[in-house]
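# okay, here's the prediction I keep looking at, along with the sequence it came from:
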Amino acid sequence: MPTNYRALGLGAMMTAFALGHAGTASAQACRSLEQRFGEIMGYNKTNDVMILGHRGFWGSNNPHAVQMPENSTGAIIDADAACIDGIELDIKLSSDNVPFILHDFNVGRTTNYSETKGRRRYNPRTDGTLPEYNPPLSAIRSDEAEKLRLLNPSRAGWSMYTLPKLENVLRFYDLRHFSLPIIFDVKTSEAVKATNSAVRKFVPGGRYKMAMKVNATLYQTPEAFEKDAGDMWAIPVFTTNMLGRINVDAAFNAWFSANAIEVNVKQPWGLMYTLKDRVVEAGKKAGVLHAIPDEDESNGSFYMNTGACCYKLSNLYYEWKPNFKDTDDRRGDLGFLNRERFNLITTDDPNAAAQYFRRQGKRRDHPGAF
């Protein structure tokens, strides 16, 4: 049964952890936190493909707790217990600039916000961004936000978990001596600053345990990132739609000193494939998102970043200039990711990815299932 990790103070969180997860992490021998973090960030060399659990270890892809909500405290704890290489968590800010772990900019899809106001549950297909059902987290104070309950993955009911405040998660992480690398996906400069401050305050040596993914449109040079987050490293992220917004070649060259770079090539010989090849051929970690549909796998639907339903990857094909455009998106195919030599995979299904790459001989030093 899932354990309740509401923001009730660290004592209660530690007691719940001990009761609900005693002995789980010792079920298999994890490689050290420092070793795995270095392998993810590319300065500890490994020929293995490294895997990040997207939003933790949750839902039907967590065989231990199929109703575990995404980006929940439980999804973090289960990832640590399972010795997943690392996880990627999303950061958003409340109206008073407190960082929370939340994927969407809005709260309707994943929390019981509307029900706390005496309304029916938010419907992603019909309610869009109606503020009475799906306001942005940036419009909600932290003291209200941290009381919101997370919905289970089916959205059929509330879970026992509340919306995690980053401070509480980091304090718990340090006190329990987690061995789990965490990569935060951060979309705004204010959230970057807040995340850096929290890690500096609550996680000693956090630079060697946690990092951030940041879009190259937000920080076009590592120096710009370091001004806002001098205590952490970054994995720069390049996507094809950046080609019309910034000088991608200049930004890529500026960031090429990083040992891990995400370049979301969508198809063979697709936009930016030469940049991805440069990362691979330099012996760096070449990151990519394994794009698994959210809503209906049969028709490839994904929730928008507001939580509203839905779009397909084909809706996001980008045309840079005539004869230079996306015409396909194969990132949902592990075979494509393997053929393109990606070696840092962010995925909702870390078990499937681990098993696939093990069969390809690319998990030799990371045996076992999650």
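On my side now, so go ahead.
# shouldn't Thr137 be in contact with Ile101?
One thing to correct before we go on: residue 137 is Leu, not Thr. No. Using C-beta atoms under 8 Å, Leu137 is not in contact with Ile101, being 10.6 Å away. In this view, the C-beta of every residue, glycine as well, is placed from N, C-alpha and C.
# in terms of pLDDT, where does the residue sitting furthest away from the middle of the chain sit?
Farthest-out residue of the chain from its mean C-alpha position, per C-alpha atoms, centre = their mean: Pro322, at 33.4 Å. Predicted confidence (pLDDT) for Pro322: 92.
# again, but for Phe370
82.
# tell me the phi and psi of the closest residue to it other than its chain neighbours?
Using C-beta to C-beta, 6 or more residues apart in numbering and skipping residues adjacent in sequence, the residue nearest Phe370 is Ala82, 4.3 Å away. Note on Ala82: backbone dihedrals following degrees, to the nearest 10 are phi -90, psi 0.
# count the residues that sit near Ala82.
23 (other C-beta atoms under 10 Å).
# from memory it sits against Gly368, does it?
No. With contact defined as C-beta under 8 Å, Ala82 and Gly368 do not form a contacting pair (9.1 Å).
# give the next helix or strand downstream of whichever strand or helix holds Ala251.
Using DSSP states H and E, the element containing Ala251 is helix 248-255. With elements assigned by DSSP H and E, the helix or strand that comes after helix 248-255 is strand 260-263.
# how far off centre is that next one?
14 Å (C-alpha atoms, centre = their mean, to the nearest Å).
# same check, this time on stretch 295-312
17 Å.
# any buried residues in the biggest helix by length in the chain, and which?
In the chain, with assignment by DSSP state H, the single longest helix is helix 189-202. Across helix 189-202, burial judged by 16 or more other C-beta atoms under 10 Å covers 189, 191-196, 198-200, 202.
# for those residues, give me TSV that also has pLDDT and distance to Gly287.
Formatted as TSV, those follow (pLDDT from 0 to 100; distance: C-beta to C-beta, whole Å):
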residue	pLDDT	distance to Gly287
Ser189	99	21
Ala191	99	20
Val192	99	18
Lys193	99	23
Ala194	99	23
Thr195	99	19
Asn196	99	20
Ala198	99	23
Val199	99	20
Arg200	98	24
Phe202	98	26
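# and these, which is closest to Pro293?
Using C-beta to C-beta, Ala191 comes nearest to Pro293 of the buried residues of helix 189-202, at 26.3 Å.
# that closest one and Asp228, how far apart?
10 Å (C-beta to C-beta, to the nearest Å).
# the helix or strand hosting Leu52: partners in the sheet, and parallel or antiparallel?
For Leu52, the host element (DSSP H and E) is strand 50-54. Each strand paired with strand 50-54, and its direction, by DSSP bridges: strand 86-93 (parallel), strand 344-347 (parallel).
# ok, now which ones touch Ala260?
40-42, 235, 284-285, 287, 344 (C-beta atoms under 8 Å, 6 or more residues apart in numbering).
# of the residues you listed, which belong to strands?
In this view, those that belong to strands under DSSP state E are 235, 285, 287, 344.
# residue contacts, the last one?
Contact criterion C-beta under 8 Å, 6+ apart gives 40, 42, 49-50, 52, 260, 262, 285-288 as the residues in contact with Leu344.
# which secondary structure state does the residue lying closest to Arg55 once chain neighbours are set aside sit in?
Closest residue in space to Arg55, ignoring its immediate chain neighbours: Glu70 at 4.0 Å, by C-beta to C-beta, 6+ apart. For Glu70, the assignment made with DSSP: H, G, I helix; E, B strand; the rest coil gives coil.
# isn't Glu70 right up against Ser60?
No. With contact defined as C-beta under 8 Å, Glu70 does not count as touching Ser60 (11.4 Å).
# please identify every residue contacting each of those two.
Here Glu70 and Ser60 share the contacting residues Pro153, scored by C-beta under 8 Å, 6+ apart.
# quick one: which of the two has more around it?
Counted by other C-beta under 10 Å, Glu70 and Ser60 do not tie: Glu70 has more neighbours, with 25 against 12.
# list the contacts for that one?
Applying C-beta under 8 Å, 6+ apart to Glu70 gives the contacts 55-56, 58-59, 103, 110, 153.
# now do it against Glu115, distance only.
For Glu70, the distance to Glu115 equals 19 Å [C-beta to C-beta].
# what does Leu289 give?
31 Å.
# can you check Ser257 too?
Relative to Glu115, Ser257 is positioned 48 Å away (C-beta to C-beta).
# who has more neighbours out of the two?
Taking other C-beta under 10 Å, Ser257 and Glu115 do not tie; Glu115 has more neighbours (16 against 10).
# the strand or helix carrying the more buried one: how far from the chain's middle?
Secondary structure from DSSP H and E places Glu115 in helix 113-116. Chain-centre distance of helix 113-116: 25 Å, with C-alpha atoms, centre = their mean.
# do stretch 87-107 as well
On C-alpha atoms, centre = their mean, the centre of stretch 87-107 falls 11 Å from the chain's centre.
# what's the end-to-end length of that stretch?
21 Å (C-alpha to C-alpha, to the nearest Å).
# returning to what we had before: which of the residues in the helix holding Ala251 are buried?
In helix 248-255, residues buried by neighbour count (16+ other C-beta under 10 Å) are 248, 251-252, 254-255.
# including distance to Thr327 and pLDDT, could those residues go into a markdown table?
Compiled in a markdown table, the buried residues of helix 248-255 are given as follows (distance: C-beta to C-beta, whole Å; pLDDT from 0 to 100):
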| residue | distance to Thr327 | pLDDT |
| --- | --- | --- |
| Val248 | 19 | 98 |
| Ala251 | 24 | 99 |
| Phe252 | 23 | 99 |
| Ala254 | 29 | 99 |
| Trp255 | 27 | 99 |
